[in-house]
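Colleague: task: produce atomic coordinates for the following.
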Amino acid sequence: MSQPPPHYPPPPYYGSPYGPGPYPYPAPPPTNGMAIASLICAFVFAPLGIVFGHISLSQIKKSGEEGRGLAIAGLVISYLVTVLSIMVLVVGVVFFSWMARELERTGGGAGIPRAQSPGPGGDELPPFNPPAALGANCTYPATATPADKPNKPPRTGKVPTVPATVDATVTTNAGVIGLQLDNAKAPCTVNSFVSLAQQGYFDNTGCHRLTDTRSMSVLQCGDPTGSGSGGPGYRFANEYPTNQYRPFDTALKRAVRYPRGTLAMANAGPDTNGSQFFIVYRDSMLPPTYTVFGRVDETGLATVEDIAAAGIAGGGSDGKPKRPATIKSIRLD
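Modeller: Numbering: from 1, shown residues only. You can find the predicted model right below:
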């Protein structure tokens, strides 16, 4: 009698393409999400990429997830971007600090040139021909830097040109300076000056610059910081004598004579008038880009000349007055 053939168990299967079996290949571990986030943040916000990178490495060590290479790449890039950003920031701060020092050294901020050569023939200030829109629309837009002393900007719009003159008295520690403000020629400027004076903006501020050269002799005041760069937080356009020239006229670069006793605005370029002003105590040669808005009486000029006679701190011909000059108040008469 024959025996049935022996029974052998079927061979094991090992997954596709033979189907499931008792010994399938293990699924690969997932990639850590923080590692991916670290690499993305390295290009978007590097400090966050550093944080995510360190978190992901810690998680991968505990869980065995994939993504260690991504986390390390994110960390390296994040650190490089952060270091470069810090270097750029430091270089920027150093550069702007240097620029600020250079501007202060060269009379930056609101000011007047160090010296000017006379134009051909020693030109005079031009005769006044009232522009059609004189005082019709005075505007005082805000500057990028805030006011260095609290104040409210003057009223805008139409400003009357009468009375033609407004009298004011500047009381200083060196004596009294009488002013006659020329409202008929520079109404927007006078409007600003009067507004600041009435608010006490000039009270207890120093005259920070004295210039005594052959071509320019002026005392500059009106900056509450005393640095030469302070202002009221707004600016306004030039008036006489600038408005007697065509825009971009080359004559605007040629020096003219600002006569002794002239009261004019300092500025940092076209239409950047603020609160700083200067008194001409000896005929001076300047381009006609500084608004003339009044005159100083003889008593006031004697006071300014006394300040100038004491000289300039540290010697030289341009700098802080050796004899401190402080405005105690400016009041309308």
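
Colleague: in the protein, which helix or strand is least confident?
Modeller: Ranked by mean pLDDT, DSSP states H and E, the helix or strand of the chain with the weakest confidence is helix 68-105, at a mean of 78.

Colleague: other SSEs contacting it?
Modeller: helix 33-44, helix 46-63 (3 or more Cβ pairs under 8 Å, 6 or more residues apart in numbering; DSSP states H and E). No exception for glycine: its C-beta is placed from N, CA and C like everyone else's.

Colleague: contacts for the first one, please.
Modeller: Helix 33-44 is contacted by residues 48-50, 52-53, 55-56, 59-60, 67-68, 70-71, 73-75, 77-78, 81 when judged by Cβ atoms under 8 Å, 6 or more residues apart in numbering.

Colleague: show me the shaky parts of this protein.
Modeller: 1-27, 97-109, 111-122 (pLDDT under 70).

Colleague: let's have the helices and strands packed on helix 68-105 in CSV, adding mean neighbour count.
Modeller: Shown next, in CSV, are the helices and strands packed on helix 68-105 (neighbours: other Cβ atoms under 10 Å):
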stretch, mean neighbour count
helix 33-44, 20
helix 46-63, 18
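
Colleague: between these, which gets nearest to residue 220?
Modeller: Of all the helices and strands packed on helix 68-105, it is helix 46-63 that lies closest to residue 220, at 46.4 Å by Cβ to Cβ.

Colleague: how far off helix 33-44 does the closest one point, in degrees?
Modeller: Relative orientation of helix 46-63 versus helix 33-44 (axes from the mean of the first three to the mean of the last three Cα atoms, to 10 degrees): 160 degrees.

Colleague: report the inter-axis angle for helix 46-63 versus helix 68-105.
Modeller: Using the same axes, to 10 degrees: helix 46-63 against helix 68-105 is 160 degrees.

Colleague: contacts for helix 46-63, please.
Modeller: If you take Cβ under 8 Å, 6+ apart as the criterion, helix 46-63 is touched by 29, 32-35, 37-43, 65-68, 70-72, 74-75, 77-79, 81-82, 85.

Colleague: any idea how far that helix is from the middle of the chain?
Modeller: Computed by Cα atoms, centre = their mean, to the nearest Å, the chain-centroid distance of helix 46-63 equals 42 Å.

Colleague: and what of stretch 225-245?
Modeller: Per Cα atoms, centre = their mean, the centroid offset for stretch 225-245 relative to its chain is 14 Å.

Colleague: how about residue 331, secondary structure?
Modeller: strand (DSSP: H, G, I helix; E, B strand; the rest coil).

Colleague: report the contact partners of the residue lying closest to it once chain neighbours are set aside.
Modeller: In space, and not counting its chain neighbours, residue 331 is closest to residue 169: 5.6 Å by Cβ to Cβ, 6 or more residues apart in numbering. Residue 169 makes contact with 176, 177, 178, 179, 330, 331, 333, according to Cβ under 8 Å, 6+ apart.

Colleague: check which helix or strand residue 169 maps to.
Modeller: Using DSSP states H and E, residue 169 sits in strand 165-172.

Colleague: again, but for residue 144
Modeller: Per DSSP H and E, there is no helix or strand for residue 144.

Colleague: can you tell me the helix or strand for residue 300?
Modeller: Going by DSSP H and E, residue 300 is in helix 298-309.

Colleague: what is that helix packed up against?
Modeller: Checking 3+ Cβ pairs under 8 Å, 6+ apart, helix 298-309 ends up next to strand 175-182, strand 209-212, strand 217-221, strand 277-282.
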